[in-house]
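Q: Generate a structure from the sequence data that follows.
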Amino acid sequence: MIAHLLMALLLAALALPGPAMGGGGELRLSGPPVAQTLALLAMADQGRLPGTGLSARFTPWRSPDQLRAQVAGEQTDAVLVTIATAAVLRARQVPCRVLAVMAPPVWLVTSQPGAAGLAELAGREIMLPFGPGEMPALLLATVAEKQGVKLGTRQAGGALEAVNLLIMGRAQAALLSEPAASLALARASMTKGGRALYKSVDLRRSWARAFPASPLLATTALVMVGQRARQPEVCQAVAAAFRGQCGWVTKHPAQAEALADKMFPALAGQLAMASQAGRDICLLNAEQGRDAALFFLSRLYEKSPAATGGVRPGPSLWESAP
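A: Just a heads-up that it's a prediction; the model follows:
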């Protein structure tokens, strides 16, 4: 969670006047090394945001601390985050507006071939490369509880550590997003004496079985923060450009990998080993994304109110920031 001191600094920084849309200026994009960020890299590669006088520039974030520093220092305008992070920012009165929602795969990677659901992993210990109160851990706990499955968990220092423990036989299963899940399988196949690994359970399917009335697992969002979140015309232009570039990335995978190689060489290598499903941006349409995200956020709130900033998020997340 965002520390009280950091949030105070963030609120103070965002109270300062920001650049206007007209007559030029810069749109600062940011994202972590995941497939969804490829669309932001393509936007920056174009140089300008269509329909505006804004130039586009990309800066990566590689850790939660780096992300918080970027937002607190007003160093980013449009950023790829979890939908829970967007809810927390809005709950703390930080200007934030959701522009697009995605449903990327989240896998339970194991050494057990043929496992098709959580029930077959009952009693196993799941490695979590995240903190116990963070969104992925809450997601797994929510689905397992709904299906009546008891799972043990323990923390890893990160996705790479979880992958290494799996390969060495020191862990039974790990919760991994893409392309880390594909990387785990590829590294296991190339490691002498290492165990074969499998993408055993896609949590999106487990979610759909647990919540058939809202089967889409919407976990990721592109959001505007700071003063730009108060500029509807800029928000609309960014949302349109992002959707357009998502289509371009899908149609031009080799060129998208080349863009990734300039900023995230490791990501480019992982994407080269990933299946098409692991490279998919998984963008939802506007109505689907909003409804699925609100349902997901409500389940998180019920599990741990702190995960959404202490309030149940509503449709205002998609409206112009206050």
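Q: Would you map the strands across the stretch 201-322 of the chain?
A: 220-225 (DSSP state E, counting those that start in this stretch).
Q: just the helices in it please.
A: Using DSSP state H, counting those that start in this stretch, the helices assigned to the stretch 201-322 of the chain run over residues 203-210, 232-251, 253-263, 265-273, 276-279, 286-303.
Q: again, but for the stretch 51-200 of the chain
A: 64-72, 83-91, 135-147, 159-167, 180-190.
Q: for these, which one sits closest to Gln112?
A: Gln112 lies closest, by CB to CB, to one member of the helices of the stretch 51-200 of the chain: helix 159-167, at 11.2 Å. (Glycine included, C-beta is placed from N, CA and C.)
Q: helices or strands up against that closest one?
A: strand 125-128, strand 173-177, helix 180-190 (3 or more CB pairs under 8 Å, 6 or more residues apart in numbering; DSSP states H and E).
Q: Go through those and pick out the most buried.
A: Of all these, strand 173-177 has the most neighbours on average by mean count of other CB atoms under 10 Å, namely a mean of 25.
Q: Parallel or antiparallel, which strands does that one pair with?
A: strand 106-110 (antiparallel), strand 125-128 (parallel) (DSSP bridges).
Q: which residues are contacting the first one?
A: Just to be clear, that refers to strand 106-110. 115, 118, 121, 124, 126, 136, 139, 166, 172-178, 181, 184-185, 197-204, 217, 219 (CB atoms under 8 Å, 6 or more residues apart in numbering).
Q: So for stretch 48-65, what gets flagged as buried?
A: 49, 52, 54, 56, 58-61, 64 (16 or more other CB atoms under 10 Å).
Q: So what's the residue count around the residue lying closest to Gly314 once chain neighbours are set aside?
A: Nearest non-adjacent residue to Gly314, counting by CB to CB, 6 or more residues apart in numbering: Leu294, 7.2 Å away. By other CB atoms under 10 Å, 20 other residues sit near Leu294.
Q: So Glu257 sits against Met273, correct?
A: No: using CB atoms under 8 Å, Glu257 is not in contact with Met273; the gap is 11.0 Å.
Q: Compare the two and say which one has the larger neighbour count.
A: Glu257 (18 against 15).
Q: Thank you kindly, that will do.
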